[in-house]
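Asks: no sequence on hand, only this structure:
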């Protein structure tokens, strides 16, 4: 006996195309996150009565408290790089990206939800509300031809490799 509900394939939600920001802007935002981590790591050092020898432990703990971890998958073809970054929980307007010939930088900050009169707001998770990541490219890429999309919590980068002129080839006029 067949169920009255037929199993239909779910349509994928539409992707949102993101425009990369200027690298200087995104680097500045990433620097602010790193300064926050450094401040927190120093607070942890102070809480340990300035006991030396735990600098990495303090840094990693501070980082885990302030920055959400992201998983990254990179695939390469002869002409392009494809990068997938899990940014689940972040909306398109909460993410900035920058693409340079040798790296990708991603910064995200959750917008704060302020309670309105008569309503209560509760936290939906305990993850940190920001992310910051730099990904080194395995080959030189062409930032002008890059396509960046956000779909179902995954940031997708399609990055054409830069075309390098052949060295030593002389063409006759």
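Replies: That came through, no problem. On a predicted model such as this, the values are computed, not experimentally measured, just so you know. Residues are numbered from 1 along each chain as shown.
Asks: quick check: the gap between residue 140 and residue 155.
Replies: Distance, residue 140 to residue 155, by C-beta to C-beta, to the nearest Å: 21 Å. Just so you know, the C-beta spots here come from the backbone N, C-alpha and C atoms, and that holds for glycine as well.
Asks: so which of the two has more stuff around it?
Replies: residue 155 (25 against 14; other C-beta atoms under 10 Å).
Asks: for the closest residue to that one other than its chain neighbours, helix, strand, or coil?
Replies: Once flanking residues are discounted, residue 155 sits nearest to residue 85: 4.3 Å by C-beta to C-beta, 6 or more residues apart in numbering. The three-state label given to residue 85 by DSSP: H, G, I helix; E, B strand; the rest coil is strand.
Asks: so, low pLDDT: which residues of the chain?
Replies: Counting by pLDDT under 70, the chain has low-confidence residues at 1-11, 113-127, 165-173.
Asks: ignoring the adjacent residues along the chain, who's closest to the residue most central in space within the chain?
Replies: Geometric centre of the chain, nearest residue: residue 106, 3.7 Å, by C-alpha atoms, centre = their mean. Residue nearest to residue 106 in three dimensions, not counting chain neighbours: residue 133, with 4.9 Å by C-beta to C-beta, 6+ apart.
Asks: which helix in the chain has the most residues?
Replies: Using DSSP state H to define each element, the chain has its longest helix at helix 23-47.
Asks: helix 23-47 and whichever helix or strand comes after that helix, what's the angle between them?
Replies: Counting by DSSP states H and E, the element after helix 23-47 in chain order, helix or strand, is helix 55-66. Angle, helix 55-66 to helix 23-47, by axes from the mean of the first three to the mean of the last three C-alpha atoms, to 10 degrees: 120 degrees.
Asks: show me which residues of helix 55-66 are buried.
Replies: Residues of helix 55-66 classed as buried by neighbour count (16 or more other C-beta atoms under 10 Å): 58, 59, 62, 63, 66.
Asks: show me what that helix is packed against.
Replies: helix 23-47 (3 or more C-beta pairs under 8 Å, 6 or more residues apart in numbering; DSSP states H and E).
Asks: the helix it packs on: how far from the chain's middle?
Replies: 16 Å (C-alpha atoms, centre = their mean, to the nearest Å).
Asks: which helices and strands does it pack with?
Replies: Using 3+ C-beta pairs under 8 Å, 6+ apart: helix 23-47 touches helix 55-66, strand 95-100, strand 103-109, strand 130-136.
Asks: burial check on residue 137, number of neighbours?
Replies: Neighbour tally, residue 137, other C-beta under 10 Å: 20.
Asks: contacts only, for it.
Replies: Counting by C-beta atoms under 8 Å, 6 or more residues apart in numbering, residue 137 makes contact with 81, 101, 102, 103, 104, 159.
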